[in-house]
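S.K.: Got a predicted model here, sequence first, then my questions.
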Amino acid sequence: MILAAILLTAACGERAADRVSLAGEWQFRLDPDDAGLQENWQEQSFSERIRLPGSLQEQGYGYDVDLQTPWTGQVVDSAWYHAPEYATYREKGNIKVPFWLTPEKHYVGVAWYRREIRIPSGWQGKCVLLELERTHWETTLFVDGVAAGSSNSLSTPHRYELPDMAPGKHTLVLRVDNRVHIPVGINAHSVSDHTQSNWNGLAGSVSLSARPSVYIEDVQVFPDVTHKQVEVRVSLSGRSRDGGTLSLQLETAAGKPVGTQASIRFGADMSYTATLSAGEEMRLWSEYHPDLFRVKTTLAAGKESDTRYTSFGFREFKSRGTRFHVNGQPVFLRGTLECCIFPLTGYPATDRAYWTKIYDTAKSFGLNHLRFHSWCPPEAAFDVADSLGVYLQVECAAWATVGDDTPPDRWLYEEGDRILKEYGNHPSFCMLVYGNEPGGKNQVAYLSALVDYWKRKDSRRVYSSAAGWPYVERADFRSTPDPRIQAWGGGLNSILNARPPSTDYDWRHRIRGEMPTVSHEIGQWCVYPNFEEIGKYTGVLKAKNFEIFKETLEAAHLGDLSDEFLYASGRLQTLCYKADIEAALRTPGFAGFQLLDLHDFPGQGTAPVGVLDPFWDTKGYVTAEEYSHFCNRTVPLARFPKMVWENDETLTASIEMAHFGEQPLTNATISWTITDRQTEKPYAKGAFVKDLIPQGNCVEAGVIEYSPASVAEPVQLVVSVAVEGTPYRNQWNIWVYPAKKKPVKSQPFIANRWDQSLADRLNRGESVLLATPKGSIRPEKGGNIRAGFSSIFWNTAWTRGQAPHTLGIYCDPGHPALASFPNEGFSDYQWWDIVSACDVVDLCDFPADFRPVVHLIDDWFRNRKTGILFEAKVGNGKLLVCSADLHTRLALRPSAAQFRQSLLEYMASDRFNPQTQIDAEIIKKLFVSEKK
């Protein structure tokens, strides 16, 4: 038994000896002046020590952040460098930047890494390969002081075949340079400080391996689902040309042989092709059944052998008309971006566990697709996506100017080749583009040629020019920002801000008719920052931007409301995403959307656009279950012509289905109910029976009609639609108000402007409702804060102040002023009439503890105490101020009319009793002077 154990240990050790990990301690030296090559550092030892894999920044090397830090990334709003409000955050020892996460250390330049290795005697005559799984960025290798090559890929491993080396001790020296020598774009997420950080080092596997004198260098598998077979293309490498045998066997993922083995005699040629048949054992790969197979390739040459396993899936991803089809079935892409956001390390995860968390979370929110914005993830990301059935769009690490015959033009071809070779077998790798939003007057010609080149080279996926633009005639699909609610520069002109609420719009006029259209970066709806998140940044990057926002909120005496602002703005953000996603699902012939984003984007000024934080964790205001009701394979949809009704109208809504499941639905019962949001009291119900719901969208189910004549009081209702016997359901809030208002006795005096006569009434002890039209508040008192119904788009720093500047309302829904205006304390569609015709009031001159009845949550960069409804004792009287129009066109603005009614009922009651005395002059200074 002892002898058997010794032999087993020896055998395992011999196999393990074919690959040696170089993880551990390396000698290290920074080279900020780039003097190492001239001074022959490759021949020297270094006194400092560092651990690889890892980055130098996360191990305390580099420089402290200061005003001269050479960031990699555009700072659009440079206020931090000069504005008085940021002065304290520019002081040494308290450096905090607002535009992205702050690294513990920052370094851009050259660093040298040195390690001694020992070549085993058993490696004599073999090919020795060094593999660096993910580097940042350019590497140059020296072996025993002699240059052995260099590599500049951002997306794939750097591999070096070492020169012939005798067994024994040798020295490896790596020169790593994270300067942007090839202008892929300083905002590209492959290199920038916006997200991952411009790190220097090595991530993932760092290893040496011994290969036979002729070995399997690459295997590419091309599935043919129609004929249930694969074409296998094998490339060999090495020093020997003596010939031998290649054996190829198709297997299940568990290793069970499928079909017949193929054998090929090889000689001096280095490329060979074989066809393997799966026959009836073929299982297709898709989001529904991510079944995987593998090809076992074995090389035998004399006494040497080499074996390689290549995982793949039987999957066909094609463009047909305006749809994508997977294995002949229509698919709708429900995607989000991943912008290389890894706050703990500052570089991409290379382990399966973290990628499993990312994809599992995305799927729980109803998604089936991820786009990697201007970068390409490492191997683990593809492996896990393969196993979970997630469709990936990969990009060649650029956000650049192209087509002007500059270095990126050639490099992008090379990087694309490397990506296709390294990750091309993964069935999850379905889409490839150059990168994000290119510039350059020749971009169309250049990208057209690049797409043509890729299509000729590899038919396993679809290709397009770029994410965003331009349209390329011969591309397989088009990416465009046109089919979405909000646009850059759009301000308050979007549907959510410019048109009364409804759900009867779609983007059919914005998509092309000859190829699939994918909407680019939809959403970008912000939420107030979650300050509880600050403690999670325990790694190399710190959320000092959030610390700034937290401190300024506290300085405005609003720190105790941070959680309330988060929740209220989060519910508005969720509403905006629901509107965007449902509009996409209502669009006939649409191919899919890519959210920006399901999780937060920490850079570009700080963009909290996710319902999840950068760690893919929930923020607490919307669950995956709720989100997946409007974002899923199957979604019931309703086309409401409006969301606010009066009780003398007949409510109507057309119900339709978007269904992209594995099979059509048969004999489906689609039930609907109308209930009271607060009491759950049922008002109406019904059902539609459909013999067949095919795969696709805009499948008509029926029309809901309901007369709310019996509704005597204002009420918030919920319209719910469900496919019985399935988890698929959806719901919408609507409001019904009495068309005829109750008479209000003892009405207050109602005014629409501040003047001396109004002040006199207050001094006489009267009650006054001051409801001012838009434009009444002085610019410096909030009149220059542009409010809209929707949340902030991206962030006001990066958009240079694009409206809206607010994050929705926050209030106590139980406040007696709102007793006849049903609400949940945050913005929903019933608030549209009010906030779309309001001024924002800045209450900074009011007492520190003064709070408005209805807050309008300010931009986190400013954190002003802002509102649209407040009350105060003024003189001997009582004043209620509403900075929204409650006078004009009320017959066409039912929510404004009901809001006014609620305020009047409140002021006529004994509950109207403001507690804070405010000087009339403070009130007066809020308003613009009366024109003479």
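M.R.: Arrived safely, thanks for sending.
S.K.: how about stretch 848-860: buried residues?
M.R.: 850-860 (16 or more other C-beta atoms under 10 Å). C-beta here means a position set from N, CA and C on the backbone, and glycine is covered the same way.
S.K.: what's the offset of that stretch from the middle of its chain?
M.R.: Its chain's C-alpha centre and that of stretch 848-860 lie 29 Å apart, by C-alpha atoms, centre = their mean, to the nearest Å.
S.K.: All further residue positions should be reported with the first residue as 291.
M.R.: With the count now opening at 291, the last piece we talked about shows up as stretch 1138-1150.
S.K.: now do the same end-to-end measure for that stretch.
M.R.: Taking C-alpha to C-alpha, to the nearest Å as the measure, stretch 1138-1150 stretches 18 Å from start to finish.
S.K.: ok, now stretch 623-641?
M.R.: Note: stretch 623-641 ends 26 Å apart using C-alpha to C-alpha.
S.K.: just stretch 649-669 next, same as before
M.R.: Start-to-end span of stretch 649-669 (C-alpha to C-alpha) is 14 Å.
S.K.: average pLDDT for it?
M.R.: Averaging pLDDT along stretch 649-669 yields 98.
S.K.: Can you mark which positions in that stretch are buried?
M.R.: Result for stretch 649-669 [16+ other C-beta under 10 Å]: buried residues 649, 651-653, 655-669.
S.K.: same deal with stretch 782-794?
M.R.: 782, 784-787, 790-791, 793.
S.K.: State the distance from residue 894 to residue 483.
M.R.: To residue 483, residue 894 is 10 Å away according to C-beta to C-beta, to the nearest Å.
S.K.: so who does the residue nearest to the spatial centre of the chain touch?
M.R.: Nearest to the mean C-alpha position of the chain, counting by C-alpha atoms, centre = their mean, stands residue 887 at 2.9 Å. Contact analysis of residue 887 by C-beta atoms under 8 Å, 6 or more residues apart in numbering lists 626-627, 629, 813-814, 899-900.
S.K.: What's the separation between it and residue 346?
M.R.: 29 Å.
S.K.: Now do the shared contacts for residue 894 and residue 483.
M.R.: residue 390.
S.K.: For stretch 1083-1090, what is the spacing between the initial and final residues?
M.R.: End-to-end span of stretch 1083-1090 (C-alpha to C-alpha): 11 Å.
S.K.: quick one: least confident helix or strand in this protein?
M.R.: helix 292-306 (a mean of 34; mean pLDDT, DSSP states H and E).
S.K.: what's next to the next helix or strand after that helix, contact-wise?
M.R.: Using DSSP states H and E, the helix or strand that follows helix 292-306 in sequence is strand 309-311. Strand 309-311 is contacted by residues 407, 495-500 when judged by C-beta under 8 Å, 6+ apart.
S.K.: Let me see the mean pLDDT of the very next helix or strand once past strand 309-311.
M.R.: Sequence-wise, the next helix or strand downstream of strand 309-311 (DSSP H and E) is strand 314-321. Per-residue pLDDT values across strand 314-321 average out to 98.
S.K.: For strand 314-321, name the packing helices and strands.
M.R.: strand 338-342, strand 400-409 (3 or more C-beta pairs under 8 Å, 6 or more residues apart in numbering; DSSP states H and E).
S.K.: which helices and strands does the shortest one pack with?
M.R.: Helices and strands in packing contact with strand 338-342 are listed as strand 314-321, strand 491-501; criterion 3+ C-beta pairs under 8 Å, 6+ apart.
S.K.: out of those strands, deepest packed?
M.R.: strand 491-501 (a mean of 21; mean count of other C-beta atoms under 10 Å).
S.K.: could I have the helix or strand just after that one exported to PDB, CA atoms only?
M.R.: Moving toward the C-terminus from strand 491-501, the next helix or strand (DSSP H and E) is strand 504-514. Extracted C-alpha coordinates of strand 504-514, given in PDB (Å, rounded to 0.1, in the frame of the first residue of the first chain):
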ATOM      1  CA  VAL A 504       4.900  19.400 -31.400                       C
ATOM      2  CA  TYR A 505       1.700  20.200 -29.600                       C
ATOM      3  CA  ILE A 506      -2.000  21.200 -30.200                       C
ATOM      4  CA  GLU A 507      -1.900  25.000 -30.300                       C
ATOM      5  CA  ASP A 508      -5.600  25.700 -31.100                       C
ATOM      6  CA  VAL A 509      -8.900  23.900 -31.800                       C
ATOM      7  CA  GLN A 510     -11.800  25.700 -33.300                       C
ATOM      8  CA  VAL A 511     -15.200  24.000 -33.400                       C
ATOM      9  CA  PHE A 512     -17.900  25.100 -35.900                       C
ATOM     10  CA  PRO A 513     -21.300  23.600 -35.200                       C
ATOM     11  CA  ASP A 514     -23.800  22.800 -37.900                       C
END
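S.K.: Please work out which residues outside strand 504-514 touch it.
M.R.: 417, 519-532, 534, 560, 585, 587, 589, 591, 594, 596-598, 600, 602-606, 711, 714-715, 749-750.
S.K.: So how do I select the buried members of these in ChimeraX?
M.R.: In ChimeraX, a selection of the buried entries from those looks like this (16+ other C-beta under 10 Å):
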select :417,519,520,522,524,526,528,530,534,585,587,589,591,594,596,598,600,602,603,604,605,606,711,714,715,750
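S.K.: Which of the contacts of strand 504-514 fall within helices?
M.R.: residue 711 (DSSP state H).
S.K.: Just the ones of the contacts of strand 504-514 in strands?
M.R.: 417, 519-528, 534, 585, 587, 589, 591, 594, 596-598, 600, 602 (DSSP state E).
S.K.: and the closest residue to residue 338 other than its chain neighbours, what does it touch?
M.R.: Distances taken as C-beta to C-beta, 6 or more residues apart in numbering place residue 318 nearest to residue 338, at 4.7 Å, with adjacent residues excluded. Residues counted as contacts of residue 318 (C-beta under 8 Å, 6+ apart) are 336, 338-340, 346, 351, 401-404.
S.K.: if we can go back for a sec, tell me the one of the contacts of residue 887 nearest residue 543?
M.R.: Checking the contacts of residue 887 against residue 543 with C-beta to C-beta, the nearest one is residue 626 at 27.3 Å.
S.K.: unless I'm mixing things up, the closest one is touching residue 653, no?
M.R.: No. Between residue 626 and residue 653 there is no contact under C-beta atoms under 8 Å: 10.9 Å.
S.K.: Correct me if wrong: residue 341 contacts residue 348.
M.R.: No. Applying C-beta under 8 Å as the test, residue 341 and residue 348 come out as separate, 9.7 Å apart.
S.K.: which one of those two has more residues nearby?
M.R.: residue 348 (23 against 13; other C-beta atoms under 10 Å).
S.K.: Check the spacing between that one and residue 421 real quick.
M.R.: Counting by C-beta to C-beta - residue 348 and residue 421 are separated by 22 Å.
S.K.: How about residue 407?
M.R.: Applying C-beta to C-beta to residue 407 and residue 421 gives a distance of 13 Å.
S.K.: which neighbours do those two share?
M.R.: residue 498.
S.K.: Tell me which stretches of the stretch 641-790 of the chain form strands.
M.R.: 659-662, 681-688, 719-725, 752-753, 768-770 (DSSP state E, counting those that start in this stretch).
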